[in-house]
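Colleague: turn this into a model:
(2 chains, ligands or ions: 1)
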Amino acid sequence: MLPVTEIRKEILDMGYRSKASHLGSALSLVEILYTLYFKVANYSKDNYQEPTRDKIVLSKGHGSAALYAVLHKKGIISDEAINHYSVNGGILPCHIDMTAAPGFEASAGALGHGIGIAVGLAMAKKMDDLPGHVYTIIGDGEAQEGSVWEAAELASTRHLDNFTVIVDFNEIQASGFSNKIIDQRNLSERFKSFGFTVYDVDGHNIEELEKVLKIPSDKPKAIVAHTIKGKGVKFMEGTVHSHYVRLNDELYAQALAELEDK
Amino acid sequence: MRMVFAQTLTELARTDKDICLVTPDMGYSILDCFEKEFPDRFFNVGIAEQNAVSVAAGLALSGKKPYVYSIIPFVTMRCFEQIRVDVAYMNTNVKLVGVGAGFEYGAAGYTHQGVEDFSVMRCLPNMIVCGAGDNREMEEIVKQSTQIKTPMYMRIGRHNKGIFNHTDNIIVGKASVLEEGEDIALIGVSNMMPDVMDYAKKLKAQGRKPYIISMHTVKPIDKDLILSLVDKGVEINTFEEHTIIGGLGSAVAEVIAESGKAVKFKRYGVPDKFSHYVGNQYYIKEKFGLNFDK
Ligand SMILES: Cc1ncc(C[n+]2csc(CCOP(=O)(O)OP(=O)(O)O)c2C)c(N)n1
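Modeller: Here you go, the predicted structure:
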């Protein structure tokens, strides 16, 4: 099984045990988080408490299951925590509580906060002359929050070349198709006009993601990652329903059977 | 209760052309009935709560009756200053509707829980603050809200314990006395009404005679009723799935404290402490001693 398939399987297992929702939001993120944590960022079990390392803030906190699974694979989150995801007496909630387990930069769940926190982390690195880059991942629906653009305008004004925002652009949000609710087809141009270096990539292509994440830039960087909500499980792919679906025995079996490994 | 809200508002919108529904991307499947029937009066304004409230104020200034619907923290606290200035200060006819009372979004974690809404809404002049204890109260509050021209916040909870308020005088601003009593008054709101009923049963078994009161309007609080209890020397307990700071318990305590008289008094609610517990609503309530069914 490919590493990203293992991560997806773990997301489904966690969803099945807990009957929690937001599976589509987590599945959409897998390659982005995997590439960051395993191919790009200076972040490991040995250095995650060092201030010099890279920092990663998952601003779309409802995708937490993907982050938990990736940090588990990194050896930072324990088996016990994963097995106690979103159940009574559990350890990991559906949205991130930074006190629940090691490895989180911030608590999250209310949209449009993490990107601002990430800008603050990047500014602090500059103040202390510390190496390391700060990455944050937002949803396309989340990009409708005004606070996202408040953070963006500050990042470019302050020349934060140590800051990258990745948009998980799956074109679906909580109650429908994003571009019908708020037209964001010009999202890349918007970031450009806000003073960012912008790349559009296939958000499920690890090589492409790795390549653009590693290109140096003297400005803050925005990566518009085109993704599929529910990616990897056919009956969830591209559906609004994948935001809400809860896995009973039958759906869990179907999800495993459909789980794509490529 | 969410469905009752959506269906009642849809019904009212058939005869009241000014009613409109604004949502920052919430209410999937719940608000469908309204959206299908009145697509021109349904606005999903994107995930942008602050703007949703300002836009609603603009609609209200033009004679419309906007209802803004989202999860409690996002429709009260994310956009608090917009509510303070564009709604309360300007006294615009905006109705705020919050779902997920107390720990209803249990395992989702603190970001989604609604435990400070009464406090923050109650401190704003002009703001009426309601929390229905069952579906009948919900329906009445929504119906009366269309006749009220000032700002209002409605907290929507959830329980499957049926209807408690069978009285025929559910009126915004007045408490509903569900059962007369003698020596103790149990005053509850929103999600806690089933617990109040459970606790009353226990007290009755011990030979006590509790008043059972649903305080579905937290502001303006029904002072007359509280003062009449104080006059009779009745012990008062309040029940809310909400911080004990600033909500129902505080509102009742303020009336008692200024009455010049003393009665035994206790607030049941969430202490001044964040919940880092992971679990469902019942599980978290248990941690704070807020289940009375055992
Ligand atoms: C401030 C705030 N408003 C509303 C919500 C409720 N909510 C959770 S996820 C979501 C949709 C997010 O869409 P998007 O950012 O596109 O992420 P996706 O799930 O599609 O990956 C909404 C509205 C929230 N968590 N925070």
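Colleague: what lines up beside the host helix or strand of residue B:96 in the sheet?
Modeller: Element membership of residue B:96, judged by DSSP states H and E, is strand B:95-99. Using DSSP bridges, strand B:95-99 pairs in its sheet with strand B:65-71 (parallel), strand B:152-156 (parallel).
Colleague: helix/strand/coil for residue B:221?
Modeller: Classification of residue B:221 by DSSP: H, G, I helix; E, B strand; the rest coil places it in coil.
Colleague: list the contacts for the residue lying closest to it once chain neighbours are set aside?
Modeller: Of all residues not flanking residue B:221 in the chain, residue B:251 sits nearest, at 4.5 Å (CB to CB, 6 or more residues apart in numbering or on different chains). For every residue, glycine as well, the C-beta is placed using N, CA and C. Residue B:251 is in contact with B:122, B:218-219, B:221, counting by CB atoms under 8 Å, 6 or more residues apart in numbering or on different chains.
Colleague: how many neighbours does residue A:159 have?
Modeller: 13 (other CB atoms under 10 Å in any protein chain shown).
Colleague: re earlier: separation between the residue nearest to residue B:221 and chain A?
Modeller: According to CB to the nearest CB, to the nearest Å, residue B:251 stands 27 Å off from chain A.
Colleague: by contact count, what packs against the helix or strand following the strand holding residue B:96?
Modeller: Sequence-wise, the next helix or strand downstream of strand B:95-99 (DSSP H and E) is helix B:117-122. Secondary-structure packing of helix B:117-122 (3 or more CB pairs under 8 Å, 6 or more residues apart in numbering or on different chains; DSSP states H and E): helix B:72-76, strand B:128-131, strand B:152-156, strand B:217-219, strand B:235-243, helix B:248-257.
Colleague: in JSON lines: the ones you listed, plus mean pLDDT and distance to residue A:137.
Modeller: Listed next are these as JSON lines, based on pLDDT from 0 to 100; distance: least, CB to CB, whole Å:
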{"stretch": "helix B:72-76", "mean pLDDT": "98", "distance to residue A:137": "20"}
{"stretch": "strand B:128-131", "mean pLDDT": "98", "distance to residue A:137": "36"}
{"stretch": "strand B:152-156", "mean pLDDT": "98", "distance to residue A:137": "31"}
{"stretch": "strand B:217-219", "mean pLDDT": "98", "distance to residue A:137": "39"}
{"stretch": "strand B:235-243", "mean pLDDT": "98", "distance to residue A:137": "32"}
{"stretch": "helix B:248-257", "mean pLDDT": "98", "distance to residue A:137": "40"}
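Colleague: now those in a markdown table, with distance to residue A:182?
Modeller: Converted to a markdown table, those look like this (distance: least, CB to CB, whole Å):
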| stretch | distance to residue A:182 |
| --- | --- |
| helix B:72-76 | 16 |
| strand B:128-131 | 31 |
| strand B:152-156 | 25 |
| strand B:217-219 | 34 |
| strand B:235-243 | 33 |
| helix B:248-257 | 38 |
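Colleague: let's have these in JSON lines, adding distance to the ligand.
Modeller: Listed next are those as JSON lines, based on distance: least, CB to the nearest ligand atom, whole Å:
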{"stretch": "helix B:72-76", "distance to the ligand": "4"}
{"stretch": "strand B:128-131", "distance to the ligand": "21"}
{"stretch": "strand B:152-156", "distance to the ligand": "16"}
{"stretch": "strand B:217-219", "distance to the ligand": "24"}
{"stretch": "strand B:235-243", "distance to the ligand": "20"}
{"stretch": "helix B:248-257", "distance to the ligand": "26"}
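Colleague: tell me the pLDDT of residue 81.
Modeller: No chain in the question, so chain A it is. If you check residue A:81, the pLDDT there is 98.
Colleague: um, chain B though
Modeller: For residue B:81, the predicted pLDDT is 98.
Colleague: ok, which stretches of the chain are helices?
Modeller: Picking chain A for this. Secondary structure of chain A (DSSP state H): helices at A:3-18, A:23-27, A:30-35, A:64-73, A:79-83, A:114-127, A:146-157, A:178-181, A:187-193, A:206-214, A:249-258.
Colleague: sorry, I should have been clearer: chain B.
Modeller: So, for chain B - with DSSP H - the helices run B:2-15, B:32-37, B:49-61, B:72-76, B:80-82, B:117-122, B:135-145, B:193-205, B:223-231, B:248-257, B:281-287.
Colleague: right, and those helices - which one's nearest residue A:148?
Modeller: helix B:49-61 (12.2 Å; CB to CB).
Colleague: packing partners of that closest one?
Modeller: Packed against helix B:49-61 by the contact rule (3+ CB pairs under 8 Å, 6+ apart) you find strand B:19-23, strand B:65-71, helix B:72-76, helix B:80-82.
Colleague: generate a markdown table for the ones you listed, with mean neighbour count as supplementary columns.
Modeller: Compiled in a markdown table, those are given as follows (neighbours: other CB atoms under 10 Å in any protein chain shown):
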| stretch | mean neighbour count |
| --- | --- |
| strand B:19-23 | 24 |
| strand B:65-71 | 26 |
| helix B:72-76 | 26 |
| helix B:80-82 | 16 |
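Colleague: between those, which gets nearest to residue A:109?
Modeller: Closest approach to residue A:109 among the helices and strands packed on helix B:49-61 is made by helix B:72-76 (9.3 Å; CB to CB).
Colleague: give me the contact list for that closest one.
Modeller: Against helix B:72-76 from outside (CB under 8 Å, 6+ apart): A:110, B:24, B:26, B:49, B:52-53, B:68-69, B:83, B:96-101, B:111-114, B:117, B:120-121, B:153, B:155.
Colleague: so what's residue B:49 up against?
Modeller: When contacts are counted by CB under 8 Å, 6+ apart, residue B:49 touches B:24, B:70, B:74-75, B:78-79.
Colleague: spell out which parts of chain A neighbour chain B.
Modeller: A:18, A:20, A:61, A:84, A:86-97, A:99-100, A:107-112, A:141-142, A:144-146, A:173-176, A:181-182, A:240, A:243-244 (CB under 8 Å from any CB of the partner chain).
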